[in-house]
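1. fold the stuff below for me.
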Amino acid sequence: EAMRLGASDFLNKNKLDPAVLERSVRYALERKKAEQTLRQSEEFFRTLIENGLDGVAILADQGNSRFVSPSAERILGYSAAERLGKDSFFLIHPEDLSRIRGLFRKILDNPGLVQTAEFQVRHKNGSWRILEGAAQSHAFTNPDFRGVVLNYRDVTERKNAERVSSRLATIVESSEDAIYSVTLEGVILSWNDGARRIYGFTPEEAGGRHLSLFLTPEKEGEFLGFLEKVRGGKAVANPVTAQRTKQGKEVLLSVTLSPVKNNQGQVTGASIVARDVTAQEKAKAVQNMLQAERDQLLGRLQLQMEQMPVACLLADQHFNYTYWNPAAERMFGFNFKEVEGKHPQDVIVPPQSREYVESIFQRIAQGDMTAQGVYSENLRKDGTVVVCEWFNTPLNDPDGHFQGIMSMAIDVTERRKAEEIGRASCRERG
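-> Predicted structure coming up:
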């Protein structure tokens with residue numbers, strides 16, 4: 001009767017046997033110890049699952065959750081109670097759903113088979129998280145239950161970092177600039193294809209070598225000084241320095257050095273971007289030389305203009321004065337400050353000559369080079385009139401657009417008076 005009621009053993013008090021009693025006591029103690037060990041084991045694995053960083057789920061053969069670990073809330077925002085008994089496939093991204101369903105059926109049909117996969121799952125806040133999971137079918141004590149044990153973790157940040165890293169690697173490798181990294185002691189750690197094109201050294205030839213591989217003796221100290229600034233956490237932006245290629249050719253490079261830090265924020269090296277500006281720097285040097293020559297010539301020209309006895313005047317495209325030499329001051333009585341930025345019509349052209357002078361200006365603006373030897377009456381500051389012979393040259397930009405005018409004027413008042421007297425004398429004799 002005791003065995004029928006569930007006892008694992010029994011003693012008959014009317015038939016006590018020492019051997020049987022000893023066996024029963026030993027069996028009871030062993031069973032108690034086994035039960036205690038089982039409880040401890042269950043407690044250990046329950047604590048492990050409840051406090052683990054990874055999520056654990058047991059799914060029935062239709063994908064419904066039969067068990068959800070507490071870590072699911074940290075990973076996906078849903079509490080275990082919210083997901084228990086619910087369709088797990090409902091949360092999977094449409095792009096991954098068909099593939100994951102297929103893997104799930106494959107696991108169910110192949111007991112013991114372990115499958116791993118990455119897939120997107122909708123978080124409770126509506127965002128999509130990338131999970132990395134490993135699943136295996138399991139034979140549970142209930143013979144009527146077929147299920148899959150799933151262990152998973154959130155790898156969204158890692159995958160995003162990998163994508164960013166991949167994009168950056170593509171940018172670095174496809175860049176025309178030399179991009180490389182070095183230790184604070186100047187040992188080369190990485191070397192992109194742009195560096196190979198500029199310097200001529202392959203990654204194998206440059207890796208592990210010191211920067212002196214391509215630094216010129218004159219510039220090595222300067223460049224190592226840049227590294228010292230980086231050691232202090234400062235970036236160095238765009239100084240131009242001379243370096244040499246594998247073939248010994250000197251190149252001019254605009255370099256940028258940035259600190260590379262470890263997880264503790266300590267500077268461990270430098271990332272360097274070098275752009276070949278040899279052609280630009282040479283062109284700049286030529287341009288500077290030409291500009292210096294031009295400035296020198298203009299200085300000489302201005303000196304000549306200052307000293308010449310002929311009035312010399314410069315005006316912009318609107319014919320407003322921008323220069324007026326001392327001879328012009330003597331001729332018309334105005335100093336340059338009095339006429340600067342003013343139009344001739346407002347300064348030295350009398351009313352009776354304005355229409356004629358305007359027609360001359362229009363010819364000059366249109367590029368007429370024949371507006372030379374032009375005579376006109378002009379006003380002096382004191383109100384007297386002088387007759388001037390004008391020699392005008394339009395000033396154009398390289399594209400031929402009118403930018404201003406240079407005029408020279410000679411006072412021919414006395415000559416015109418003499419000519420008029422001569423003509424009058426001829427008329428009297430005639």
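
2. show me the shaky parts of the stretch 51-200 of the chain.
-> Scanning the stretch 51-200 of the chain for pLDDT under 70 picks out 51-53, 139-145, 169-172.

3. residue boundaries of the helices in it?
-> Under the criterion DSSP state H, counting those that start in this stretch, the stretch 51-200 of the chain contains helices at 71-76, 80-83, 94-109, 156-174, 193-199.

4. separation between Arg163 and Arg415?
-> 87 Å (C-beta to C-beta, to the nearest Å). The C-beta positions use only the backbone N, C-alpha and C, and glycine is treated the same way.

5. doesn't Gly269 make contact with Asn262?
-> No: taking C-beta atoms under 8 Å as the definition, Asn262 is not a contact partner of Gly269, at 9.3 Å.

6. comparing those two, which residue is more hemmed in?
-> Counted by other C-beta atoms under 10 Å, Asn262 and Gly269 do not tie: Gly269 has more neighbours, with 22 against 9.

7. need the per-residue pLDDT for the more buried one.
-> For Gly269, the model assigns a pLDDT of 94.

8. and the closest residue to it other than its chain neighbours, how far is that from Ala235?
-> Leaving aside its sequence neighbours, Gly269 sits nearest to Val260 (C-beta to C-beta, 6 or more residues apart in numbering; 4.4 Å). From Val260 across to Ala235, the span is 11 Å (C-beta to C-beta).

9. neighbour count: those two, which is higher?
-> Val260 (18 against 13).

10. check contacts around that one.
-> Taking C-beta atoms under 8 Å, 6 or more residues apart in numbering, we find Val260 in contact with 181, 267-271.

11. number of nearby residues for Ser212?
-> 12.

12. can you name the residues that contact it?
-> Taking C-beta under 8 Å, 6+ apart as the test, what Ser212 contacts is 186, 220.

13. one more pass at 6 Å, please.
-> Contact analysis of Ser212 by C-beta atoms under 6 Å, 6 or more residues apart in numbering lists Glu220.

14. how much space between it and Val187?
-> With C-beta to C-beta as the criterion, Ser212 and Val187 are 10 Å apart.

15. and the pLDDT at the closest residue in space to Pro326 that isn't next to it in sequence?
-> Spatial nearest neighbour of Pro326, chain neighbours left out: Glu306 (6.1 Å); criterion: C-beta to C-beta, 6+ apart. On pLDDT, Glu306 comes in at 80.

16. in which helix or strand does Glu306 reside?
-> helix 278-307 (DSSP states H and E).

17. buried residues, the following helix or strand past that helix. List them.
-> Downstream of helix 278-307, the next assigned helix or strand under DSSP H and E is strand 311-316. Buried residues in strand 311-316, counting neighbours by 16 or more other C-beta atoms under 10 Å, are found at 311-313, 315.

18. ditto for stretch 212-227
-> 214-215, 220, 223, 226-227.

19. what number of residues lie near Arg415?
-> The burial count for Arg415: 12, using other C-beta under 10 Å.

20. Arg99 now?
-> Neighbours of Arg99 using other C-beta under 10 Å come to 12.

21. how far away is it from Arg163?
-> For Arg99, the distance to Arg163 - C-beta to C-beta - is 20 Å.

22. please apply the same query to Trp324.
-> In terms of C-beta to C-beta, Trp324 sits 68 Å off from Arg163.

23. so those two - more neighbours on which side?
-> The neighbour comparison of Trp324 against Arg163 (other C-beta under 10 Å) goes to Trp324, with 23 against 10.

24. so that one touches Asn335, yeah?
-> No: between Trp324 and Asn335 there is no contact under C-beta atoms under 6 Å: 7.7 Å.

25. need the strands for the stretch 301-430 of the chain, in chain order.
-> Counting by DSSP state E, counting those that start in this stretch, the stretch 301-430 of the chain has strands at residues 311-316, 321-324, 372-379, 385-396, 402-411.

26. ranking those by mean pLDDT, which is last?
-> Taking the mean pLDDT of those, strand 372-379 comes last: a mean of 85.

27. what angle do that strand and strand 385-396 make?
-> Per axes from the mean of the first three to the mean of the last three C-alpha atoms, to 10 degrees, the angle that strand 372-379 makes with strand 385-396 is 130 degrees.
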